[in-house]
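In: Sharing a model prediction with you, sequence too.
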Amino acid sequence: FLELESSGQRSEVRLHYRTKGQQAHTEVFPYSLADGQWHKVSVAVSASHIILHVDCNRIYERVVEIPFMDIPDDTTFWLGQRNSAHGYFKGVMQDVQILVMPQGFISQCPDLNRTCPTCNDFHGLVQKIMELQDILAKTSSKLSRAEEKMNGLDGCYCERTCSVKGVVYREDESWTDGCRNCTC
């Protein structure tokens with residue numbers, strides 16, 4: 001059997017299954033689904049890994065004892081609860097999908113279908129980082145030289161002047177140009 005159970009009282013999600021050795025096993029994931037909101041829930045079982053997604057976020061990933069996945073044709077499928085020995089199911093389900101395929105959660109959360117970069121992509125990124133480091137080093141060097149020049153100018157006295165019609169006037173000096181009074 002493979003059963004996904006949500007306990008609102010204990011704020012946990014439980015996955016019950018049989019191992020390859022036919023032993024009953026339960027994985028408990030502390031998480032509250034009983035919050036009055038709709039949720040997208042997916043459980044991916046792959047060899048010895050179990051991944052729980054809630055609302056397209058990976059909540060848990062665990063390495064577990066390998067589940068028994070040889071499901072006979074005459075297996076009974078229960079939706080809501082396995083039998084009357086457990087507490088009765090209370091809640092609402094909508095758009096339930098049972099997908100027996102690798103990475104079936106992607107049908108529910110297509111944005112999770114990101115591929116890992118190839119070695120060539122990674123090499124290109126490394127090259128770009130090296131180029132950026134070179135640009136940074138050159139820019140830092142230019143900045144240092146500019147700062148040195150600016151520091152050298154601090155000791156310099158530069159007299160401010162104005163040049164009008166070939167005549168040089170000092171700062172705050174006044175003169176008359178026709179009918180206008182001018183000040184440098």
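Out: Received, thanks.

In: domain parsing for this structure?
Out: As given by automatic domain parsing, the domain ranges for the chain are 2-112, 119-177.

In: These: lowest mean pLDDT?
Out: Among the domains of the chain, domain 2-112 carries the lowest mean pLDDT, a mean of 80.

In: among the domains of the chain, which is the most enclosed?
Out: domain 2-112 (a mean of 12; mean count of other C-beta atoms under 10 Å). (C-beta placed from N, C-alpha, C; glycine too.)

In: Can you verify residue 129 is assigned to a helix?
Out: Yes: per DSSP: H, G, I helix; E, B strand; the rest coil, residue 129 lies within a helix segment.

In: wait, what's in contact with it?
Out: Listed by C-beta atoms under 8 Å, 6 or more residues apart in numbering, the contact set of residue 129 is empty.

In: Look up how far residue 123 lies from it.
Out: Taking C-beta to C-beta, to the nearest Å as the measure, residue 129 falls 11 Å from residue 123.

In: got it, and residue 182?
Out: 67 Å.

In: What segments of this structure are helices?
Out: 119-154 (DSSP state H).

In: what residues are up against the closest residue to residue 7 other than its chain neighbours?
Out: Leaving aside its chain neighbours, residue 7 sits nearest to residue 14 (6.7 Å; criterion: C-beta to C-beta, 6 or more residues apart in numbering). Neighbour list for residue 14: 3, 4, 5, 6, 7, 26, 27, 28, 29 [criterion: C-beta under 8 Å, 6+ apart].

In: What's opposite the closest residue to the third one other than its chain neighbours in the beta bridge?
Out: If I follow you right, that is residue 5. Nearest non-adjacent residue to residue 5, counting by C-beta to C-beta, 6+ apart: residue 14, 4.4 Å away. Beta-bridge pairing of residue 14 under DSSP bridges involves residue 5, residue 28.

In: Check residue 61 too.
Out: Bridge pairing for residue 61 - DSSP bridges - gives residue 51.

In: who's in contact with it?
Out: Going by C-beta under 8 Å, 6+ apart, the list of residues near residue 61 reads 49, 50, 51, 52.

In: Output those residues in TSV; the columns should cover distance to residue 162.
Out: Converted to TSV, the contacts of residue 61 look like this (distance: C-beta to C-beta, whole Å):
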residue	distance to residue 162
49	80
50	82
51	77
52	78
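
In: which of those sit farthest apart?
Out: 49 and 52 (10.8 Å; C-beta to C-beta).

In: And the residue nearest the centre of the protein?
Out: residue 57 (10.3 Å; C-alpha atoms, centre = their mean).

In: Not counting sequence-adjacent ones, nearest residue to residue 59?
Out: Nearest to residue 59 is residue 52, by C-beta to C-beta, 6+ apart, at 4.9 Å.
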